[in-house]
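J.: Sequence and predicted model, in that order:
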Amino acid sequence: MTNFGGDNPIGGDASQPPQGFPPPARPQSPAPGPFSPGPPPFSGGGYPNPPGNAPFPAGPPAFGAPAFGAPSFEPPSYAGAPPKNRRKLFGMIAGAVVLVVAVVVGIIVVVGESGSDATTASGAVEGYLKALAKGDADKALSFGINEPPDKTYLTDEVLKKQIDKMPITDIKILGEDSTSVHVLANFGDEAVDQEIPVKQSGDGTFKVEYPTYALNFEKEKAKGSTALLDSFSIFGKQLPSSGIAYLFPGAIEVSTSNPNITLKYRRDSYLQSGASYKQPEENADYELEVSDEGKEAADKAILDAMTECAKSTSLAPPNCPMDATRAAYGLTDGTARWTAPTNTDKVTLRMPTQVFGEGLSGHVEVSGAVDMKLSAQSTEPMFNINDETVRVSMGGYVDLTKSPPTYTYEKGY
């Protein structure tokens, strides 16, 4: 086979060394002497020692290749120093990282999530709002100074219904001092920009001053029966016997189980930007109207009552709106024959406003008139009347809390 390449041929016998160079010599141990050529041994301390622990020669050696027979010791460099214990170094770094993470987590817990240990005003407010956003009623209450006397609506169940209507998102703390925290948050589509009052307790922790608000339906002002207010509910739960509901800020849903009445609540939410966070109690703001079903029931109650009144032979039956004593000259009481009305087309029903408790009884005011027929005898036969149409002025009220509703006449009502 033809070889190419002179002394180091390409394709030659790999078992033979190249001819142009002698075979490499085996390394030999240095001859004993005061200084051996080659690198000196290390004692493990990071710097080389001269053999035999002899003292270093005076003065630093020159850099570069040493002269023949001169010691080969060179000053050690950092690059040439043996590696240190990396396992120990990595352990120290990992420990420091764990410590930093633990401190950060601890701060987050204290500021953002702790209920009773919020050491900053912003931590109390942020933790409170985050608890509301998660639907955790007990956690949210733990950020407050005191729990309210009634917790009917301060439950996870009710809070979830509030959150479903108005999710709480984008909570941002803008500033704080020892008495309030400036916060931004979204309640549903409504942006809240509010200073929320806080107080510092004796142990140094901060609490939200008003974690809930009171909604007062002024049950004590209801005249007579409280049956109407007893039919009210908030998020499907009946109003407490006190007539005062305690709620978290957010959506509000008030309804009545009385089919004769339509309840229209004038607000769909109470948020931090409202007066509830300046003063902890609000008066319930709603309007009552007679429902279509209630109108039919009231008309029937009036006609039923007038049918009973028409059974009387008196010219002015007691507890009835009729009075025919002056319908004609000399009419004799006890000779009257009344025909009940057939409709209430001229009757008006009005639900009083809730000012001063007027509308809290569930009584709808009756006004207008009905037409009846009357026959009666006079002391003078020429003044007798026979099936004359008599327009009877109405007054009084229909109690829509009764089942079925009832009509009560009151003169001058």
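T.: Yes, it's here. Quick caveat: nothing in here was measured; it's all calculated off a predicted structure.

J.: all helices of the stretch 201-350 of the chain, in order?
T.: Under the criterion DSSP state H, counting those that start in this stretch, the stretch 201-350 of the chain carries helices at the ranges 227-230, 292-309.

J.: List the contacts of Pro321.
T.: Residues near Pro321 by C-beta atoms under 8 Å, 6 or more residues apart in numbering: 306, 309, 392-396, 409, 411. Using the backbone N, CA and C atoms, a C-beta is placed for each residue, glycine as well.

J.: For it, give its distance to Thr179.
T.: The spacing between Pro321 and Thr179, counted by C-beta to C-beta, to the nearest Å, is 62 Å.

J.: TSV please, covering the contacts of Pro321 and showing neighbour count, distance to Pro148 and secondary structure.
T.: Listed next are these as TSV, based on neighbours: other C-beta atoms under 10 Å; distance: C-beta to C-beta, whole Å; DSSP: H, G, I helix; E, B strand; the rest coil:
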residue	neighbour count	distance to Pro148	secondary structure
Met306	23	49	helix
Cys309	22	51	helix
Val392	19	52	strand
Ser393	13	50	strand
Met394	20	46	coil
Gly395	15	44	coil
Gly396	21	41	coil
Tyr409	20	44	coil
Lys411	10	46	coil
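
J.: How is the chain divided into domains?
T.: If the domains of the chain are taken from the TED database, they occupy 105-210, 214-290, 292-409, with pieces of a single domain joined by a plus sign.

J.: now the end-to-end length of the longest one.
T.: The first residue of domain 292-409 is 22 Å away from its last residue (C-alpha to C-alpha, to the nearest Å).

J.: What about the residue nearest to Leu141 when sequence neighbours are not counted, how many residues nearby?
T.: Counting by C-beta to C-beta, 6 or more residues apart in numbering, Glu147 is the residue found nearest to Leu141 once chain neighbours are left out, at 5.7 Å. Other residues lying near Glu147 total 14 when counted by other C-beta atoms under 10 Å.

J.: pLDDT wise, what is Glu147 at?
T.: Glu147 is assigned a predicted lDDT (pLDDT) of 85.

J.: just for the stretch 151-300 of the chain, where's the confidence low?
T.: Counting by pLDDT under 70, the stretch 151-300 of the chain contains low-confidence residues at 272-279.

J.: now the strands: where do they sit in it?
T.: Counting by DSSP state E, counting those that start in this stretch, residue ranges of the strands within the stretch 151-300 of the chain are 168-176, 180-187, 190-200, 206-208, 213-216, 232-234, 237-238, 244-247, 250-251, 254-256, 261-265, 269-270, 281-283, 286-290.

J.: Repeat that for the stretch 301-413 of the chain.
T.: Listed in chain order (using DSSP E, counting those that start in this stretch), the strands of the stretch 301-413 of the chain are 337-339, 347-350, 363-376, 385-393, 397-399, 406-408.

J.: picking up where we left off before, out of the strands of the stretch 151-300 of the chain, which is closest to Asp136?
T.: Each of the strands of the stretch 151-300 of the chain was scored for nearness to Asp136 using C-beta to C-beta, and the closest is strand 168-176 (11.8 Å).

J.: May I see the buried residues of that closest one?
T.: Counting neighbours by 16 or more other C-beta atoms under 10 Å, one finds that the buried residues in strand 168-176 are 168, 171, 173, 176.

J.: Asp177 versus the nearest residue in space to the third one that is not next to it in sequence, what's the distance?
T.: Setting aside the residues directly before and after it, Ile173 is nearest to Ser122 in space (C-beta to C-beta, 6+ apart), at 4.6 Å. Computed as C-beta to C-beta, the Ser122 to Asp177 distance reads 10 Å.

J.: same check, this time on Gly127
T.: 18 Å.

J.: what residues are up against Phe187?
T.: Going by C-beta under 8 Å, 6+ apart, Phe187 touches 166-168, 249-251, 269, 271.

J.: Is it correct that Gly294 is in contact with Pro259?
T.: Yes. Gly294 is in contact with Pro259 according to C-beta atoms under 8 Å; the separation is 7.2 Å.

J.: on that earlier part again, tell me the one of the buried residues of strand 168-176 nearest Lys199?
T.: Of all the buried residues of strand 168-176, the one sitting nearest Lys199 is Glu176; the distance, using C-beta to C-beta, is 12.9 Å.

J.: Contacts only, for that closest one.
T.: Here Glu176 is in contact with 120-122, 125, 182, 198 (criterion: C-beta under 8 Å, 6+ apart).

J.: can you do 10 Å?
T.: When contacts are counted by C-beta atoms under 10 Å, 6 or more residues apart in numbering, Glu176 is found next to 120-126, 182-183, 195-196, 198, 206.

J.: show me the contacts for the residue nearest to Ile173.
T.: Applying C-beta under 10 Å, 6+ apart, we find Ser122 in contact with 111-112, 173-177, 181-183, 196, 198, 206.

J.: give me phi/psi at it?
T.: Backbone torsions for Ser122, taken as degrees, to the nearest 10, come to phi -70, psi -30.

J.: From Tyr265, how far off is it?
T.: 33 Å.

J.: And Asp399, by the same measure?
T.: Remark: distance between Asp399 and Tyr265 (C-beta to C-beta) = 23 Å.

J.: Compare those two (neighbour count), which wins?
T.: A count of neighbours by other C-beta under 10 Å puts Asp399 above the other of Asp399 and Tyr265, at 23 against 14.

J.: Show me whatever sits in contact with both of Gly294 and Pro259.
T.: In the contact map built from C-beta under 10 Å, 6+ apart, the residues linked to both Gly294 and Pro259 are Leu400.

J.: Compare the two and say which is more crowded by neighbours.
T.: Neighbours per residue (other C-beta under 10 Å) separate Gly294 from Pro259, with Gly294 holding more: 22 against 14.

J.: quick one: contacts for that one?
T.: By C-beta under 10 Å, 6+ apart, the contact list for Gly294 reads 258-262, 349, 351, 362, 364, 398, 400, 405.

J.: What residues sit buried inside stretch 140-151?
T.: 140-144, 148.

J.: Repeat that for stretch 315-325.
T.: Using 16+ other C-beta under 10 Å, the residues of stretch 315-325 that count as buried are 315, 317, 320-322, 324.
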